[in-house]
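Chemist: structure for the following, please:
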Amino acid sequence: MQNQNMPRRAPQKKGSAAPLFFIIFFVLILLIASFFAFDFLGGSRRPAVEYTIGKTSYKLSAKEAYAGSTLLVCFDDVAALCGMTDVGGSDARSYFAENSEENITFTAGSRTAVLNGKEIDMPAEAVLRDGKMYVPLEMLTQYMGGIAVTETADSVKIERGTYNASTKDTPIYSDTSFAAATDEPLTQPDVKEDKTAPTYSFRTDLSAYEPYMCPEDVDGYLILVNKTTTIDASYVPSNIVNVADSRSDRTERMVETAEKALEAMFIELRAAGYTDVSVTSGYRTYEKQEYLYNLYTEREMKAGISREEAQKIVDTYSAKPGTSEHQTGLCCDMHNLPSADQRFAKQDAYKWLLENCYKFGFILRFPEDKEDITGYSFEPWHYRFVGRYHASEMHRLGMCLEEYVAYLETAE
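Modeler: Model (predicted):
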């Protein structure tokens with residue numbers, strides 16, 4: 001029998017830990033929601049972006065400058081800087097490069113751009129805002145030539161590329177271009193056997209480039225253009241392609257066979273440790289050469305001399321229109337200086353080129369000891385494609401192109 005004087009035990013409360021669990025869970029949900037809201041609304045974790053496109057500068061908030069993690073740029077501002085023509089309506093616009101039929105099309109709300117008729121996937125949708133088209137900055141850096149893009153954490157600067165002849169007061173802009181990267185394997189034309197070029201050992205595997213360094217038409221690249229052997233104003237070489245190793249602020253062009261051989265030379269040049277050389281000039285039209293020649297003449301005349309006297313000076317370093325082999329698409333200027341200069345001859349990269357360029361089918365077109373024959377002063381930056389067979393022969397004989405062509409004519 002229970003003693004009624006004994007104190008009663010207080011009943012235990014069941015589930016007393018449940019409210020604490022729900023409180024912790026609720027706090028976690030709030031923290032996660034706050035994190036996503038912070039990231040979504042704003043990009044407030046990112047700084048605003050300062051844009052400088054040519055002479056135009058403005059700032060966009062992170063929310064305006066980014067689509068997710070992708071940085072955008074106003075393509076209409078870039079088009080205005082580069083003198084492009086745009087056609088189309090408000091939702092879809094096509095932009096045509098200056099002096100070219102190359103073009104790119106963007107459609108608001110779409111991740112697909114059309115580049116020279118080929119569809120390209122973009123990392124974010126194109127955005128139409130206040131009548132202007134905003135696209136991923138990547139579309140400029142990967143597919144557009146003739147411009148220079150500098151990007152930091154909070155700024156984007158876009159400038160037009162210029163030719164070496166440019167000055168601060170008289171800029172000569174590079175033509176802008178659009179080109180899609182390709183992973184297609186190199187096509188390999190058959191190699192002619194009747195004039196067999198020497199074989200050389202390289203640091204890298206250049207087997208895919210051999211048919212370009214040793215072209216099937218062995219004699220087809222011995223075109224001589226100089227002060228006395230001219231080229232017609234209407235001449236335009238066929239099969240011109242972009243030069244892969246153009247300087248970052250421009251896109252130069254050459255005949256495809258010469259350009260592929262040049263790619264091989266650059267691969268080996270980089271393997272040898274010289275990574276700062278790039279192509280600053282390639283194919284030029286008759287009109288471009290005419291413009292440059294007249295520009296140099298006007299510049300020399302500022303010293304108070306006559307036009308005739310000025311042209312005699314210019315003739316030592318620049319070709320009259322119709323006498324420049326740049327119009328053939330078979331030559332290029334390459335160096336690692338701000339502009340073409342004989343100081344390049346003191347660079348180790350030049351010494352490598354001088355000792356190796358013939359292995360890839362190139363010659364130093366205007367050597368230091370051949371000025372009386374070529375008619376031009378020494379140009380350590382100017383290289384001309386003739387194919388490995390003839391380049392190797394010229395190297396063996398110590399001849400410039402004028403001497404070698406005369407030698408072949410005599411041999412016949």
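
Chemist: walk me through the domains of this protein.
Modeler: 49-160, 207-411 (automatic domain parsing).

Chemist: closest one to residue 27 among those domains?
Modeler: Smallest distance to residue 27 across those (CB to CB): 27.7 Å, for domain 49-160. For every residue, glycine as well, the C-beta is placed using N, CA and C.

Chemist: how close does the closest residue to residue 362 other than its chain neighbours sit to residue 256?
Modeler: Leaving aside its chain neighbours, residue 362 sits nearest to residue 383 (4.6 Å; criterion: CB to CB, 6 or more residues apart in numbering). The gap separating residue 383 from residue 256 is 17 Å, by CB to CB, to the nearest Å.

Chemist: and these two? Which one has more around it.
Modeler: Higher neighbour count among residue 383 and residue 256: residue 383, with 26 against 17, using other CB atoms under 10 Å.

Chemist: give me the beta-bridge partners of the more buried one?
Modeler: Beta bridges link residue 383 to residue 332, residue 364 when assigned by DSSP bridges.

Chemist: just checking, it touches residue 332?
Modeler: Yes - Residue 383 is in contact with residue 332 according to CB atoms under 8 Å; the separation is 6.1 Å.

Chemist: which of the domains of the chain sits most buried?
Modeler: Across the domains of the chain, averaging neighbours per residue (mean count of other CB atoms under 10 Å) puts domain 207-411 on top, at a mean of 18.

Chemist: compute the first-to-last residue distance for that domain.
Modeler: Using CA to CA, to the nearest Å, one end of domain 207-411 lies 32 Å from the other.

Chemist: equivalent analysis for stretch 230-242, please.
Modeler: 25 Å.

Chemist: residues in contact with that stretch: which ones?
Modeler: 145, 177, 179, 225, 251-257, 259, 283, 285-286, 321-325, 327-330 (CB atoms under 8 Å, 6 or more residues apart in numbering).

Chemist: among the residues you listed, name the ones in helices.
Modeler: Among the contacts of stretch 230-242, the ones falling in helices (DSSP state H) are 256, 257, 259, 286.

Chemist: identify the farthest-apart pair in those residues.
Modeler: 257 and 286, at 21.9 Å, using CB to CB across those.

Chemist: what ranges does the stretch 301-412 of the chain have for its helices?
Modeler: 307-314, 348-356, 371-374, 388-397, 401-411 (DSSP state H, counting those that start in this stretch).

Chemist: closest to residue 270 out of the ones you listed?
Modeler: For residue 270, the closest of the helices of the stretch 301-412 of the chain is helix 348-356, at 10.3 Å, according to CB to CB.

Chemist: in contact with the residue nearest to residue 132 when sequence neighbours are not counted, which residues?
Modeler: Nearest residue to residue 132 in three dimensions, chain neighbours excluded: residue 76, at 4.4 Å (CB to CB, 6+ apart). Applying CB under 8 Å, 6+ apart, we find residue 76 in contact with 86, 132, 133.

Chemist: residue contacts, the first one?
Modeler: For residue 86, the contacting residues are 76, 79, 93, 94, 95, 96, taking CB under 8 Å, 6+ apart as the criterion.

Chemist: kindly recompute the last result at 6 Å.
Modeler: For residue 86, the contact set (CB atoms under 6 Å, 6 or more residues apart in numbering) comprises 79, 93, 95.

Chemist: could I get those residues as CSV with pLDDT, distance to residue 202 and secondary structure?
Modeler: Formatted as CSV, the contacts of residue 86 follow (pLDDT from 0 to 100; distance: CB to CB, whole Å; DSSP: H, G, I helix; E, B strand; the rest coil):
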residue, pLDDT, distance to residue 202, secondary structure
79, 91, 42, helix
93, 91, 46, strand
95, 90, 41, strand
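
Chemist: kindly reformat the residues you listed as a markdown table containing distance to residue 241.
Modeler: Formatted as a markdown table, those follow (distance: CB to CB, whole Å):
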| residue | distance to residue 241 |
| --- | --- |
| 79 | 24 |
| 93 | 27 |
| 95 | 21 |
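
Chemist: and which of these is nearest to residue 155?
Modeler: Distance to residue 155, by CB to CB, is smallest for residue 79 among those, at 20.5 Å.

Chemist: surely that closest one is in contact with residue 97?
Modeler: No - judged on CB atoms under 6 Å, residue 79 makes no contact with residue 97 at a distance of 9.5 Å.

Chemist: beyond the helix or strand containing the residue nearest to residue 132, next helix or strand please.
Modeler: Per DSSP states H and E, residue 76 falls inside helix 75-81. Sequence-wise, the next helix or strand downstream of helix 75-81 (DSSP H and E) is strand 85-88.

Chemist: show the average pLDDT along that next one.
Modeler: For strand 85-88, the mean pLDDT works out to 82.

Chemist: which parts of the stretch 51-200 of the chain are strands?
Modeler: 56-60, 66-67, 70-74, 85-88, 92-96, 103-107, 112-115, 118-121, 127-129, 132-136, 144-145, 147-151, 155-160, 177-178 (DSSP state E, counting those that start in this stretch).

Chemist: quick one, which of the ones you listed gets closest to residue 358.
Modeler: Closest approach to residue 358 among these is made by strand 144-145 (29.0 Å; CB to CB).

Chemist: contacting residues around residue 377?
Modeler: Contacts of residue 377 by CB under 6 Å, 6+ apart are 316, 317, 371.

Chemist: which one of these is nearest residue 217?
Modeler: Relative to residue 217, the closest of those is residue 371; by CB to CB it sits at 30.6 Å.

Chemist: skip the chain neighbours and tell me the closest residue to that closest one.
Modeler: residue 377 (5.9 Å).

Chemist: give me phi/psi at that neighbour?
Modeler: phi -70, psi 160 (degrees, to the nearest 10).

Chemist: any stretches of the stretch 1-150 of the chain with poor pLDDT?
Modeler: The model of the stretch 1-150 of the chain has pLDDT under 70 over residues 1-22, 31-44, 99-100.
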